[in-house]
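Chemist: My questions are about this predicted structure, shown below with the sequence.
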Amino acid sequence: MDEVISSGWWSTGPKVLAFEAAFAEFCKVRHAFAVANGTAALHLALLAAGCAPGDEVVLPSLNFVAAANAIAHTGAAPVFCDVLGPDDLNLDPFDLEAAVGPRTKAVVVLHYGGFPCDMGAVHEIAERRGLTVIEDAAHAPGGTWEGKTCGGLGLAGCFSFFSNKNLPIGEGGMITTNDEDVADRIRLLRSHGMTTLTWERHRGHASSYDVVAQGFNYRLDEVRAAMGLVQLSRLPTENAARSTIAARYREALDGVEGVTMPFREVDEETTPAHHLAVVLLPEGRRDDVRATLAERRIQTSVHYPPIHLFSQYKEIGSGRPLPRTEAVSERILTLPLYAHMRDEQVELVTTSVLEALAEPAS
């Protein structure tokens with residue numbers, strides 16, 4: 001970090017290039033492009049895939065709203081699909097296919113909580129229906145499906161490095177791809193549609209530039225790239241620690257006091273990234289449990305309120321019924337999960353959840 005600060009060059013430069021190269025190697029892909037945030041990654045990936053006004057893009061409603069916003073910013077229309085149910089919070093391939101229409105251009109798959117979705121089923125549908133597959137891998141850096149790394153399972157993979165992610169640097173994101181045309185398009189659109197970067201001109205590799213597209217300022221800076229290189233080196237160890245903590249949650253809570261924990265069965269060739277530790281509570285008990293945990297200074301969250309129920313997307317969404325999404329979204333609770341949680345902290349969380357549920361509902 002001191003090296004970056006003292007260099008006097010803080011915008012996109014050598015640390016960004018090094019971070020991109022290391023991340024591409026980590027994901028076993030040809031190209032990686034560091035960008036300002038995960039939303040920018042999704043937006044650029046969709047544009048590079050050719051999404052435009054008149055198109056539709058299918059995505060699970062149980063996701064952060066950024067995915068739908070990024071689709072809408074291309075001019076395409078988001079179409080929401082359902083999840084499999086309380087045991088698997090990833091998209092339902094059958095409902096994905098039911099959501100596909102004559103205008104469908106692409107599908108954005110989310111690896112919910114760091115658990116890779118059934119990419120075999122997704123690709124079978126995509127190939128048969130002529131769809132582009134974009135991975136929303138914000139939850140899944142380091143995750144694998146059938147031995148293949150998340151971020152290399154579609155035309156492009158999109159990662160977020162927001163403060164609560166497995167690889168946090170405050171803000172930032174990455175796009176991965178094996179497609180040369182997509183790589184060329186992302187490289188151009190990321191920096192104003194300019195044919196050369198400021199860093200290239202600074203090094204004397206170019207003296208001027210042309211603008212050949214209406215691009216964006218979606219670049220990452222050197223300071224965050226330097227942080228990213230350090231965090232990437234720690235990622236496998238920290239993901240393993242998350243896995244251990246999630247297993248302790250499962251042992252203490254799954255099947256007790258009406259609590260269930262999704263993703264209890266994971267294929268042996270799949271490696272979850274364990275971004276979230278999510279439980280499903282008995283109906284009507286979430287507010288009580290959250291209040292009890294808050295009194296004990298335990299932060300919880302809800303991932304996520306379904307996108308199709310937000311006012312914006314009630315008006316412009318497809319209006320498809322999503323009963324499983326709506327059912328699980330009323331019961332989901334996200335528990336604290338970070339690599340350096342101590343055993344006594346995990347025990348405090350599990351004990352507090354069970355004690356809250358043992359009390360009568362308010």
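Modeler: Structure's in. What do you need?

Chemist: Any figure for the gap between the nearest residue to Ala121 once chain neighbours are set aside and Leu232?
Modeler: In space, not counting the residues next to it along the chain, Ala121 is nearest to Pro93; the distance is 3.8 Å by CB to CB, 6 or more residues apart in numbering. No exception for glycine: its C-beta is placed from N, CA and C like everyone else's. The spacing between Pro93 and Leu232, counted by CB to CB, to the nearest Å, is 31 Å.

Chemist: Check Ala356 too.
Modeler: Taking CB to CB, one finds Ala356 at 38 Å from Leu232.

Chemist: Okay, domains of the chain per the record?
Modeler: According to automatic domain parsing, the chain is divided into the following domains: 2-232, 235-358.

Chemist: Deepest in the core, which of those is it.
Modeler: domain 2-232 (a mean of 20; mean count of other CB atoms under 10 Å).

Chemist: mind checking which helix or strand Pro78 is in?
Modeler: strand 77-81 (DSSP states H and E).

Chemist: Ramachandran coordinates for the residue nearest to Ser163 when sequence neighbours are not counted?
Modeler: Ranked by CB to CB, 6+ apart and with sequence neighbours excluded, the top spatial neighbour of Ser163 is Gly170, at 5.7 Å. When quoted as degrees, to the nearest 10, the phi and psi of Gly170 stand at phi 100, psi -70.

Chemist: How confident was the prediction at Gly170?
Modeler: Confidence per residue is given as pLDDT, and for Gly170 that number is 96.

Chemist: quick one: contacts for it?
Modeler: The neighbours of Gly170, taking CB atoms under 8 Å, 6 or more residues apart in numbering as the test, are 161-163, 224, 227.

Chemist: same check, this time on Leu229
Modeler: With contacts defined as CB under 8 Å, 6+ apart, Leu229 is in contact with 15, 18-19, 22.

Chemist: and with 6 Å instead?
Modeler: The neighbours of Leu229, taking CB atoms under 6 Å, 6 or more residues apart in numbering as the test, are Phe19.

Chemist: So it belongs to a strand, correct?
Modeler: No: going by DSSP: H, G, I helix; E, B strand; the rest coil, the assignment for Leu229 is helix, not a strand.
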